[in-house]
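Visitor: Here is a sequence with its predicted model. Questions after.
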Amino acid sequence: SQQGEEDPQALSIQEGENATMNCSYKTSINNLQWYRQNSGRGLVHLILIRSNEREKHSGRLRVTLDTSKKSSSLLITASRAADTASYFCATYANSGYSTLTFGKGTMLLVSP
Amino acid sequence: ETGVTQSPTHLIKTRGQQVTLRCSSQSGHNTVSWYQQALGQGPQFIFQYYREEENGRGNFPPRFSGLQFPNYSSELNVNALELDDSALYLCASSEAQGIGNEKLFFGSGTQLSVL
């Protein structure tokens, strides 16, 4: 079953604009991760934020986490055409043995 | 490039047939997870292997089985293929066993079509 749900399902912007994607999840988590997937290929890890962190940056990426609302957001600043991909949030539940559970993803299209 | 390789990249099978997909883990990784990704969906966890033993399983029937070898490479076997098994199958390796902090390193996947 899907733990996370991304919003919006699809996002279309122009190069140079910022892109914001949101993720909601259901259970208490250990950490939340964001992955990127180009054209149905393998996923690439972007960033991990732990449950005791509120914000994290990596290059043009900014991730926030609100555990009280069970939500996270991924902001890509100054987007480029090469950022066109699907973005997934994934969580490890905070109870016993856990595996990484993915949401359905947001498809981002960045036009030149 | 993650160092995780999968073969074959594409495969076409007929309903009822059996298929074996292969994965070579990134060097130093002892855990491998398999995911199924249907078109337009997120990856769904099939199972995980740690040091040659199944270490967790998602909501998939027993006709989905796997192996992990001493060199940590892995196979996913699917028997009695059904049309709904058509999907991208992703292998991911990681360094540790389900402690909740791992980043997964994915291969490029095997696209399976069942006709």
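Guide: Right, received. Where do you want to start? Numbering: from 1, shown residues only, chains lettered A, B, ... in the order given.

Visitor: can you tell me the helix or strand for the closest residue to B:Gly58 other than its chain neighbours?
Guide: Leaving aside its sequence neighbours, B:Gly58 sits nearest to B:Phe45 (Cβ to Cβ, 6 or more residues apart in numbering or on different chains; 3.9 Å). Heads up, the C-betas are built off the backbone N, CA and C, glycines and all. In this structure, B:Phe45 sits in strand B:44-50 according to DSSP states H and E.

Visitor: Can you list the strands that that strand pairs with?
Guide: Strand B:44-50 has the following sheet partners, assigned by DSSP bridges: strand B:31-37 (antiparallel), strand B:53-57 (antiparallel).

Visitor: Using a markdown table, please lay out these together with mean neighbour count.
Guide: Listed next are the strands paired with strand B:44-50 as a markdown table, based on neighbours: other Cβ atoms under 10 Å in any protein chain shown:
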| stretch | mean neighbour count |
| --- | --- |
| strand B:31-37 | 25 |
| strand B:53-57 | 14 |
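
Visitor: Please name the nearest non-neighbouring residue to A:Leu48.
Guide: Closest residue to A:Leu48 apart from its sequence neighbours, by Cβ to Cβ, 6+ apart: A:Gln33 at 4.7 Å.

Visitor: Show me what that neighbour is bridged to.
Guide: Where A:Gln33 sits in a bridge, its partners, by DSSP bridges, are A:Leu48, A:Ala90.

Visitor: Does the closest residue to B:Cys91 other than its chain neighbours lie in a helix or a strand, and which?
Guide: Counting by Cβ to Cβ, 6+ apart, B:Cys91 lies nearest to B:Cys23, which is 3.4 Å off, once chain neighbours are set aside. Following DSSP H and E, one finds B:Cys23 within strand B:19-24.

Visitor: what angle do that strand and strand B:31-37 make?
Guide: With axes from the mean of the first three to the mean of the last three Cα atoms, to 10 degrees defining the directions, strand B:19-24 sits at 130 degrees from strand B:31-37.
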